[in-house]
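[1] okay, predicted coordinates and the sequence, questions at the end:
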Amino acid sequence: MPIDIQRIDMDQLVCWRIRRGDAELLVAEQGAQVLNYRQGDAAPLIWLSEQAQFKQGQSVRGGVPICWPWFGDLARNPPAVQAAYHSEQPAPFHGLVRALPWQLAEQRCEGDVVLLEFRCAQAQAQLPGWPHAVELTLQIRLADRLRLTLTSHNRGDRPVAISQALHSYFAVSDIRQVEVEGLDGRPYVETLADWETRRQQGNLRFSGETDRIYLDLPASLSVIDHGWNRRILLTSSGSSSAVLWNPWIDKAQRLSSFANDAWQRMLCIETANVLGDAFELQPGEQHAMSVEIHSQNDAL
Ligand SMILES: O=P(O)(O)OC[C@H]1O[C@H](O)[C@H](O)[C@@H](O)[C@@H]1O
């Protein structure tokens, strides 16, 4: 199978474009952020904003930003995650690493499997207000499926608590023609109604702004896209929580690098370790969270 790995510049960002057979993956070194993933002529699996900007120090809208060492608003995190941050500066939303330089530490092929490993050197004791030493890596494995594995290894001499997410934006035909399977019967926190805990009944369909944290999840979720007659399957490990997000009409207007009508074309399912699923690492201990993504076309 033909495999080609090329370094390309997208405005200010160094990116890596991997072609494997008819699949194409694009990754920015900054934030180790996957930007695009497509197979053949089919619609991309991962959504990248038409208004995305490729600037240093700024997370790109779309793809798979990495939220680490906390997800979302730090003040909504478990006390141990909050306690790890010591700064007078307000805590940035979604943690500290999504717009930092990461380094491509390794690239190799094993047969026709492509493996890339990105490392965030600053996580080893140089993050502002976060006095911990954690070896943070994202391994990208591209075979017939794409697998992303985020590993945190505590190299310091004190325990550290972390919440995180692979904030994946999926491309959909029209959010109103999409449902998510695998959530039935699971508890979720409705962040749009005072963070009340509720229970999902049936598949999730979308008819307004959605921003929910699902807990106690099974390993497999799928996006059933009736418009494109496609199913996207997500299989996770090391995670039992996920954030389901669509900004809908009003919030779309307040988001950076986001067209007013882009909410129709994307859905975030963010494989996570949040709230009660956050974790603490003892010195020397490591944790890996992964998600594997593939699609079945003409499958409905
Ligand atoms: O605009 P960002 O900082 O990238 O955040 C985008 C979104 O991320 C998550 O999905 C949160 O649950 C949302 O509340 C937030 O709006």
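    That came through, no problem.

[2] who in the protein is up against the ligand?
    With the criterion set to CB under 6 Å from any ligand atom, the chain comes near the ligand through 72, 93-94, 211, 243, 245, 255, 268, 270. Quick note: C-beta positions are derived from backbone N, CA and C, even for glycine.

[3] of those, which belong to strands?
    Judged by DSSP state E, the residues of the chain next to the ligand include 211, 243, 245, 268, 270 as members of strands.

[4] nearest to residue 52, of the residues you listed?
    Nearest to residue 52 among those: residue 268, at 14.9 Å, using CB to CB.

[5] so for that closest one, what's the pLDDT?
    Model confidence at residue 268, given as pLDDT, is 99.

[6] that one and residue 168 touch, don't they?
    Yes - if you go by CB atoms under 8 Å, residue 268 and residue 168 touch, sitting 6.4 Å apart.

[7] compare the two and say which is more crowded by neighbours.
    Neighbour totals were compared for residue 268 and residue 168, and residue 168 leads with 26 against 21 (other CB atoms under 10 Å).

[8] what about that one, which helix or strand?
    strand 164-171 (DSSP states H and E).

[9] now the residue of the stretch 1-150 of the chain found nearest the ligand: how far from residue 73?
    Going by CB to the nearest ligand atom, the ligand is nearest to residue 93 of the stretch 1-150 of the chain, at 4.7 Å. For residue 93, the distance to residue 73 equals 6 Å [CB to CB, to the nearest Å].

[10] ok, residue 227 next?
    Residue 227 sits 33 Å away from residue 73, going by CB to CB.

[11] residue 188 too?
    17 Å.

[12] okay, those two: which has more neighbours?
    Neighbour count, other CB under 10 Å: between residue 188 and residue 73, residue 188 has more, with 22 against 12.

[13] the more buried one looks like it's in a strand, true?
    Yes - using DSSP: H, G, I helix; E, B strand; the rest coil, the secondary structure at residue 188 is a strand.

[14] I'd assumed residue 217 was in contact with it.
    No - the pair residue 188 / residue 217 is not scored as a contact, 9.5 Å apart, by CB under 8 Å.

[15] in stretch 245-256, what's buried?
    Under the neighbour-count criterion of 16 or more other CB atoms under 10 Å, stretch 245-256 has 245-247, 252 buried.

[16] I meant to write stretch 116-132 there.
    116-120, 122-124, 127, 130, 132.

[17] what do you get for stretch 70-79?
    By 16+ other CB under 10 Å, the buried positions in stretch 70-79 come out as 70-72, 74, 76-78.

[18] now swap in stretch 50-68 and tell me
    For stretch 50-68, burial by neighbour count (16+ other CB under 10 Å) applies to 52, 54, 58-68.

[19] stretch 183-191 now?
    Applying a neighbour-count criterion of 16+ other CB under 10 Å, one finds 183, 186, 188-189, 191 buried in stretch 183-191.

[20] paired strands for the strand of greatest length in the chain, with orientation please.
    In terms of residue count, the longest strand belonging to the chain (DSSP E) is strand 286-297. Neighbouring strands of strand 286-297 in its sheet, by DSSP bridges, are strand 146-154 (antiparallel), strand 230-237 (antiparallel).

[21] how about the closest residue to residue 145 other than its chain neighbours, what does it touch?
    The shortest distance from residue 145 to any residue other than its chain neighbours is 4.0 Å, reached at residue 294 (CB to CB, 6 or more residues apart in numbering). Residue 294 sits next to 45, 144-146, 232-233 when contact means CB atoms under 8 Å, 6 or more residues apart in numbering.

[22] please apply the same query to residue 108.
    Listed by CB under 8 Å, 6+ apart, the contact partners of residue 108 are 114-115.

[23] what's across from it in the sheet?
    Note on residue 108: beta-bridge partners residue 115, judged by DSSP bridges.

[24] alright, that wraps it up for me.
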